[in-house]
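Trainee: Just a sequence and a predicted model for now, questions to come.
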Amino acid sequence: MIFQPSCFSTETYALLLILLSAILFSIMGIFLKEASSGGIPSTELMFLRTVFQGSIVVTSMTRWESKNPAQGGSNYHNKALIYSPFGGNTKVVRLVILRGIVGSFGFILVFYAIASLPLGDAVTLLSLNPIITLILAHFFLGEKMTYLQISAAVMSVVGAAFISQPTFLFHSVTVIDENGVSSTLLQNQNASYNLGCYAALCGSCCGAGVITLIRATGKIGVHTLQLLFSWVTFGIIVSLSFGVARPYIFSLRSDVVEEFWYIPPIGNTWLHILLMCIFGTSAHFMMNYAMRMAPAGLGSMARSSNIFWSYLLEVLVFHEIPSHCTLVGAGLI
């Protein structure tokens, strides 16, 4: 593995990289929230992310060569990966394309959930990922599902609920700002909120599927850039399709708002978009690279630590005072 210290095994180093990618994804979430607060649709943000990441991936694929049959097959062995962007044989191509389709739909669902739901609700629903991954990895990859792993996954979900205090469980949440002033947030039940919940649940399932597929491709030697190219390809298709169709679909309903794409004015919004792309691309590369080497179940639990990092960043950056529930949740995670 790249830059692997000799004191770490491959699995341990992969889990550390996944943990680092979780931190970077948490930082990306801050800039995603800032960009979406300016009225930019989630589909447009995903499109900008995929184009930014795609330019880096395609450039890299012209320089890296295939090293095994899974990457280049018999025709493009030792040639640039750009000649075999989805893999070197039929089995590999199917897995890589499936990874791209599931991943692109998952990302757009996650982007929509974060942009449309209270952060706590989105985080809790998305935190179901480890449990679903354990089940998928057990049945499709033959990974053992131990009581310790199940307990850890359940504790992560419970911890996420304590930290985020979602309105669909707590109904009302008391928030204390840095000046000691308390306010109560009531549950927001409307069509937009419900769609956000469905998006988060489906996004969590897609995330579990992606982790399982990355691990499956890693076992047969697929290159990280091929996985990323597949995501970029289908990410652009999905974001464009949804971006064009959604405003017209939801214009028929007055209780759901979906903005049309537009070019933001020069200023902080573009800075937030750029930082979202930089941190998101770095985290995505690191996750796809490391998930090929680590067991899917353990990898998903390390990935879910972004719940803890997200709230830690809110405390450090936005100076929010954590409640007792938040401290209990952090301890559980």
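Mentor: Sure, I can see it.
Trainee: Nearest residue to the spatially most central residue of the chain in space, please, no chain neighbours.
Mentor: Nearest to the geometric centre of the chain sits residue 107, at 6.1 Å (CA atoms, centre = their mean). Nearest residue to residue 107, sequence neighbours excluded (CB to CB, 6 or more residues apart in numbering): residue 46, at 5.9 Å. (Each C-beta comes from the backbone N, C-alpha and C, glycine too.)
Trainee: what residues are up against that neighbour?
Mentor: Residues counted as contacts of residue 46 (CB atoms under 8 Å, 6 or more residues apart in numbering) are 107, 108, 111, 235, 238, 239.
Trainee: Confirm that it sits in a helix.
Mentor: Yes. Looking at residue 46 with DSSP: H, G, I helix; E, B strand; the rest coil, it is inside a helix.
Trainee: And it, how far from residue 132?
Mentor: 22 Å (CB to CB, to the nearest Å).
Trainee: which SS class is the closest residue in space to residue 65 that isn't next to it in sequence?
Mentor: Nearest residue to residue 65, sequence neighbours excluded (CB to CB, 6+ apart): residue 78, at 5.4 Å. Secondary structure, three-state DSSP: residue 78 is coil.
Trainee: surely residue 78 meets residue 72?
Mentor: Yes. In this structure residue 78 lies within contact range of residue 72 using CB atoms under 8 Å: 7.1 Å.
Trainee: still on that earlier bit, just the pLDDT at the residue nearest to residue 107, thanks.
Mentor: Residue 46 carries a pLDDT value of 86.
Trainee: what do you get for residue 260?
Mentor: Residue 260 carries a pLDDT value of 69.
Trainee: circling back: what's the distance between the residue nearest to the centre of the chain and residue 117?
Mentor: In this view, residue 107 and residue 117 are 16 Å apart by CB to CB.
Trainee: Repeat that for residue 300.
Mentor: As judged by CB to CB, residue 300 and residue 117 stand 21 Å apart.
Trainee: So for these two, which sits in the more crowded spot?
Mentor: Set residue 300 next to residue 117 and count neighbours by other CB atoms under 10 Å: residue 300 wins out with 29 against 26.
Trainee: For this structure, which segments are assigned as strands?
Mentor: Counting by DSSP state E, the chain has strands at residues 172-176, 182-186.
Trainee: pLDDT at residue 141, what is it?
Mentor: Residue-level confidence at residue 141 comes out at 86, pLDDT.
Trainee: mind listing what it touches?
Mentor: Per CB under 8 Å, 6+ apart, neighbours of residue 141: 212, 215, 216, 219, 296.
Trainee: Sort out for me which of these are in helices.
Mentor: Counting by DSSP state H, these place 212, 215, 216, 219, 296 in helices.
Trainee: Narrow those residues to those that are buried.
Mentor: The neighbour count (16 or more other CB atoms under 10 Å) marks 212, 215, 216, 296 as buried among those.
Trainee: Quick check, the first one in contact with residue 138.
Mentor: No. Using CB under 8 Å, residue 212 and residue 138 do not qualify as a contacting pair, with a distance of 9.9 Å.
Trainee: hey, what's in contact with both of residue 78 and residue 72?
Mentor: The overlap between the contact sets of residue 78 and residue 72 (CB under 8 Å, 6+ apart) consists of 65, 66.
Trainee: re earlier: out of the contacts of residue 141, which is nearest to residue 26?
Mentor: In terms of CB to CB, no member of those lies closer to residue 26 than residue 296, at 21.0 Å.
Trainee: What is the burial count for the closest residue to the closest one other than its chain neighbours?
Mentor: Spatial nearest neighbour of residue 296, excluding adjacent residues (CB to CB, 6+ apart): residue 137 at 3.8 Å. Neighbour count of residue 137, defined by other CB under 10 Å: 25.
Trainee: Next one: residue 137 relative to residue 130, how far apart?
Mentor: Residue 137 is 10 Å from residue 130, where distance means CB to CB.
Trainee: okay, and the common contacts of these two?
Mentor: Residues touching both residue 137 and residue 130 (CB under 8 Å, 6+ apart): residue 297.
Trainee: Could you list the low-pLDDT ranges of the stretch 51-200 of the chain?
Mentor: Filtered on pLDDT under 70, the stretch 51-200 of the chain yields the residue ranges 115, 118-121, 123-124, 160, 163-192.
Trainee: Could you check how far residue 27 is from residue 44?
Mentor: In this view, residue 27 and residue 44 are 21 Å apart by CB to CB.
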